[in-house]
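Trainee: I would like the atomic coordinates for the input below:
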Amino acid sequence: MTHLSYANIIIILHTATIVVLLNRSGIIFYMNKSILFLCAIALAIVSIPQITHATVGGPTFISDIRYDEAANNIYYVRNSFGGKGCPPTINRLNVTSGVTTNSGLITCSTKNYSQIIDSFAQNFKGLPSVNLRKNNISASMRVVGKEEFSSGSLLRTKFEITLSQNGREKGVFKLDGCFPDQPILIAGYPVPNTKNMALLFSGKLNCFEGGYIYEKMAIVEDVIFTDTTTVEWYKRVEALQISSGTLVVYAEEKPTTVPTPQVNPPVYNIPTVTNPELPKMTPPQEQPPVSNISTSDTQLPDTAAPEQDKQSRTLMEILVGIVILLAGITVGRSYTSSKVR
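Mentor: The predicted structure is shown next:
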């Protein structure tokens, strides 16, 4: 939950209405003061996990990819919508080492971050994307591990992506995702005057709250560019879209269980008969057609984790609503008492 839900807002409005009506009737004035005080304390305690939970969860998009040729760095804006209230940051990806760091130009307390981003954009040249397939670039992905919530439902799936050109491996990249059968989108941005290319990966990071899109960048070396026609001039603040230039890759998951070998019935010795009389042959009976049964081992999405999270949030909203109602009564009683005095 990244912000106050509609259910919370409705509960608060209903609470305010009830408090006003009870104030006018004088009922609140005669309620036990100790009980109302304990309700107010309970409201503060229950609100702590709600506030803490509201600071996590949300997509992370990359935008405005640019190149600093003098320092051989790629700069981009990292837009995190996780609910912490921090502005976008400018990250730096070194083309030589492939290491990503925060430039430090923008912090969580920066006020004029828009001006800093505009100034950064004017200093460096933008990197457009190209068509990966027209450059004979392909990708394959496999599942290399999984993690679960304490409840046993799926938390994340670990992938390994292999990028190839003309059948030759160019790089292997490790990413986290949610479901084993989820797609990962890949876009490529050639680095000017080099044989390097910046890659943008886009896909769900884990299964928390159903999964949020997370984007990250990496460098692949020794790429032969045969078609540098621009597909996209500018990466916007949104999830990478499927286009003629992107690759969409799914995991090739193999079964992890060892098949049980077939057990054949025992073979009996049959005595040989000399010059036997041949039996009359009867035409074979026509058998019904056999349908092809799919033996695909593709796993169905595990939706247990999102459902459990949803139920937990609903229960928490109901509990918070009840406590808000009682706390509202406390405030109303104090207001009524002051008017009586």
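
Trainee: shaky segments in this protein?
Mentor: 1-56, 253-317, 320, 328, 331-341 (pLDDT under 70).

Trainee: how about the helices of it, start to end?
Mentor: 6-25, 33-53, 113-123, 304-340 (DSSP state H).

Trainee: what's the shortest one packed up against?
Mentor: Applying 3 or more C-beta pairs under 8 Å, 6 or more residues apart in numbering; DSSP states H and E, one finds that helix 113-123 contacts strand 60-68, strand 89-94. Glycine gets a C-beta too; all of them are placed from N, C-alpha and C.

Trainee: tell me the most buried of the ones you listed?
Mentor: Of all the helices and strands packed on helix 113-123, strand 60-68 carries the top mean neighbour count, a mean of 20, counting by mean count of other C-beta atoms under 10 Å.

Trainee: got the angle between that strand and helix 113-123?
Mentor: When axes from the mean of the first three to the mean of the last three C-alpha atoms, to 10 degrees is applied, the directions of strand 60-68 and helix 113-123 differ by 40 degrees.

Trainee: ok, back up a step: which one of the helices and strands packed on helix 113-123 lies closest to residue 236?
Mentor: The minimum distance between residue 236 and the helices and strands packed on helix 113-123 falls on strand 60-68, with 5.9 Å, by C-beta to C-beta.

Trainee: hmm, who's touching that closest one?
Mentor: Outside strand 60-68, the residues that touch it by C-beta atoms under 8 Å, 6 or more residues apart in numbering are 73-82, 88, 117, 120-121, 123-127, 189, 191-192, 198, 200, 205, 212-217, 234-239.

Trainee: between it and strand 89-94, how many degrees?
Mentor: Here strand 60-68 runs at an angle of 50 degrees relative to strand 89-94 (the same axes, to 10 degrees).

Trainee: redo the helices and strands packed on helix 113-123 as CSV? Include distance to residue 243.
Mentor: Output for the helices and strands packed on helix 113-123, formatted as CSV (distance: least, C-beta to C-beta, whole Å):
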stretch, distance to residue 243
strand 60-68, 15
strand 89-94, 22
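
Trainee: quick check on the contacts of strand 60-68: which are buried?
Mentor: For the contacts of strand 60-68, a neighbour count by 16 or more other C-beta atoms under 10 Å gives the buried set as 73-79, 88, 117, 120-121, 124, 127, 189, 191, 198, 200, 205, 212-217, 235, 239.

Trainee: partner residues bridging the closest residue to residue 237 other than its chain neighbours?
Mentor: Nearest residue to residue 237, sequence neighbours excluded (C-beta to C-beta, 6 or more residues apart in numbering): residue 63, at 4.5 Å. Note on residue 63: beta-bridge partners by DSSP bridges are residue 77.

Trainee: residue 63 and residue 326, how far apart?
Mentor: Residue 63 sits 45 Å away from residue 326, going by C-beta to C-beta, to the nearest Å.

Trainee: what's across from residue 175 in the sheet?
Mentor: residue 159.

Trainee: doesn't residue 201 make contact with it?
Mentor: Yes. Counting by C-beta atoms under 8 Å, residue 175 touches residue 201, with 5.9 Å between them.

Trainee: can you pull the contacts of the nearest residue to residue 133 once chain neighbours are set aside?
Mentor: Closest residue in space to residue 133, ignoring its immediate chain neighbours: residue 247 at 7.2 Å, by C-beta to C-beta, 6+ apart. By C-beta under 8 Å, 6+ apart, residue 247 lies in contact with 132, 133, 137, 138, 139, 185, 186.

Trainee: may I see those organised as CSV, with distance to residue 106 and neighbour count added?
Mentor: Below are the contacts of residue 247 laid out as CSV (distance: C-beta to C-beta, whole Å; neighbours: other C-beta atoms under 10 Å):
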residue, distance to residue 106, neighbour count
132, 31, 24
133, 36, 13
137, 33, 24
138, 37, 17
139, 32, 19
185, 26, 19
186, 27, 25
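
Trainee: so which of those comes closest to residue 252?
Mentor: Nearest to residue 252 among those, counting by C-beta to C-beta, is residue 139 at 11.1 Å.
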